[in-house]
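below are the sequence and a predicted model; questions follow.
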Amino acid sequence: MTCSGCNRFNNYKFSGLQRWDEAEPILAQWAEKIDIRHPVILGGEPLLNPDIVKWIKGIRKLWPNHSGVQVQSNGTRIDRVPGLAEALDPVQGNWLGISIHDPTDRENIFAKVRNFLGPTVVETQNSNDPIGSKYQFVNASKMKIHAWDSDKFVQSSIIDLPTGGHTLHQSDPTLAHENCTYRRFKNYHMIRGKIYKCGPAALLPEFDDQFQFDISEQDRQLLHSYRPLTVDEYDSRGQEFLAAIDDVIPQCKFCPENYDYKPITFGIKKVKSANW
C-alpha cells in the first residue's frame, strides 16, 4: 500500500528491515535498564517482517510486566503469517490493531479477521471502547483484534517538489512541537536498538541518506545532528535524555506547524509475494 501522507514514509520506496536475532541482544540489555509500559510494533507493515512472531514473543518475554504487545497493521496479511495466532496469546495480553486505510477494502479485511478468529468470534462497534477503537472482535479464547477507520493522515514532514525531489518544512520549532501528535501521545521510538524522541527524528535522516532532501547543507547537518540514546550511553546520559524527551528539539523545524488531516490517496507499489 502506498498511502499518501504516511508518517513512516512508506509511500516512497523507503527501505529498511529489522531482524529479531540481530536486535535481541541489544534489547536484552535495554530490558535491564528501562521499563516499557505500552510496547507497539509498527511498520511500514509489521506483518511483512519475516520475524514478526519472534518480535511479539521476544518483547513480551523481555518486558513481562506490561499489559501486552500491540501490533499495528493494515490487516492485509493477517491470514498469511504462520504462528501469528499463537503469538497473539490472550493470556499474554498481546493483540492486533488494524488501521483501515482504504474504506472500500474494509469488508475484505474484516472477512480475514473473522476467519482468523474462528467461528466463535463476536463483533461489536463501540466508540467508547477503552482502547479507542471503532470495531472490536473477540473469540471464545479472548483473543482480541481492534480496528480503526484511518482513511485520513495528518500532513507529512516531507514536501514533494514539482521537480520530483523532496524537501522539508521551515517551521517555528516551538509551534511545530506544540501541535505534534508524537508529543501529544508520547510516541517514543526504538529503532535498531536506539531510543528516539519521535519517528521523524529517526527516519528523516535515513530518508535523506536514501533520497537526499533538497535542503541547505546547514539544515542537512542539523537534520543529522540528532543524537539518539544507545544502551551503552544509558549510564552516562540516560537520565538527562529521558528527562528532556518531551521537550522541543531544533529538528522540530522540519515538521509542519499545523497538522491538517487529509484524505489518503493510493498509488501502486509492486511487491514480491511471500509466505512465512
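Structure's in. What do you need? This one's a predicted model, so the numbers in the text were calculated from it and none came from an experiment.

which parts of the stretch 51-200 of the chain are strands?
Here the stretch 51-200 of the chain has its strands, by DSSP state E, counting those that start in this stretch, at 70-73, 95-100, 122-125, 135-138, 144-149, 152-154, 158-160, 166-168, 189-191, 194-196.

the ones you listed: which one's closest to Gly267?
Closest of those to Gly267 is strand 158-160, at 12.0 Å (criterion: CB to CB). Bear in mind the C-beta positions are built from the backbone N, C-alpha and C, glycine included.

which residue sits closest to Lys142 in space, ignoring its chain neighbours?
Once flanking residues are discounted, Lys142 sits nearest to Pro90: 4.0 Å by CB to CB, 6 or more residues apart in numbering.

check the one you found and give its pLDDT.
Listed pLDDT for Pro90 reads 94.

how deep is Ala263 tucked in, by neighbour count?
Slight slip there: residue 263 is Pro, not Ala. Number of residues near Pro263 (other CB atoms under 10 Å) recorded here: 9.

sorry, back to before: the residue nearest to Lys142 touches Lys144, doesn't it?
Yes - look at Pro90 against Lys144 with CB atoms under 8 Å: they come within range, at 6.7 Å.

residues near the residue nearest to Lys142, how many?
Close neighbours of Pro90, defined as other CB under 10 Å, add up to 14.

check the one 4 residues further on too.
Summarising burial for Asn94: neighbours were counted as other CB under 10 Å, giving 23.

let's have the chain start at 234 instead
In the new count, where the first residue is 234, that last one comes out as Asn327.

sketch out the helices for the chain, chain order is fine.
Along the chain, counting by DSSP state H, helices occupy 253-264, 285-295, 317-320, 339-350, 406-411, 414-418, 432-444, 450-456, 467-476.

among these, which comes closest to Thr357?
Nearest to Thr357, of all these, is helix 339-350, at 12.6 Å by CB to CB.

residues making contact with the closest one?
Residues outside helix 339-350 that contact it (CB atoms under 8 Å, 6 or more residues apart in numbering): 307-309, 311-312, 317-318, 331, 333, 354, 356, 368, 370-372, 376, 378, 380, 382.

switch to 6 Å and redo it
Helix 339-350 has contacts (CB atoms under 6 Å, 6 or more residues apart in numbering) with Gly308, Ile311, Asp312, Ile333, Val354, Phe370, Asn372, Ile378.

show me which residues of it are buried.
Neighbour counts using 16 or more other CB atoms under 10 Å place Arg339, Ile342, Phe343, Lys345, Val346, Phe349, Leu350 of helix 339-350 among the buried residues.

same deal with stretch 441-451?
Buried residues in stretch 441-451, counted by 16+ other CB under 10 Å: Asp441, Phe446, Ile448.

and what of stretch 486-495?
Buried residues in stretch 486-495, defined by neighbour count with 16+ other CB under 10 Å: Lys486, Phe487, Cys488, Pro489, Glu490, Tyr492.

first-to-last residue distance for that stretch?
In stretch 486-495, first residue to last residue: 21 Å (CA to CA, to the nearest Å).

what of stretch 263-275?
For stretch 263-275, the first-to-last residue distance is 19 Å (CA to CA).

which one is Ile364 nearest to, not counting chain neighbours?
In space, Ile364 is closest to His379, 5.4 Å off (CB to CB, 6+ apart).

what's the burial count for the one you found?
19.

mind listing what it touches?
If you count contacts by CB under 6 Å, 6+ apart, His379 has them with Gly330, Ile364, Ser366, Gln369.

distance check, the closest residue to the third one other than its chain neighbours against Ser300.
With CB to CB, 6+ apart as the measure, His379 is the residue that lies nearest to Ser366, at 3.6 Å, once sequence neighbours are left out. Counting by CB to CB, to the nearest Å, the gap from His379 to Ser300 is 14 Å.

Ile285 too?
For Ile285 relative to Ser300 (CB to CB), the value is 20 Å.

with neighbour numbers in mind, choose between these two.
Taking neighbours as other CB under 10 Å, Ile285 and Ser300 compare with Ile285 leading, 23 against 12.

surely that one touches Pro279?
Yes - look at Ile285 against Pro279 with CB atoms under 6 Å: they come within range, at 5.5 Å.

on that earlier part again, which one of the contacts of His379 sits closest to Thr463?
Gly330 (28.9 Å).
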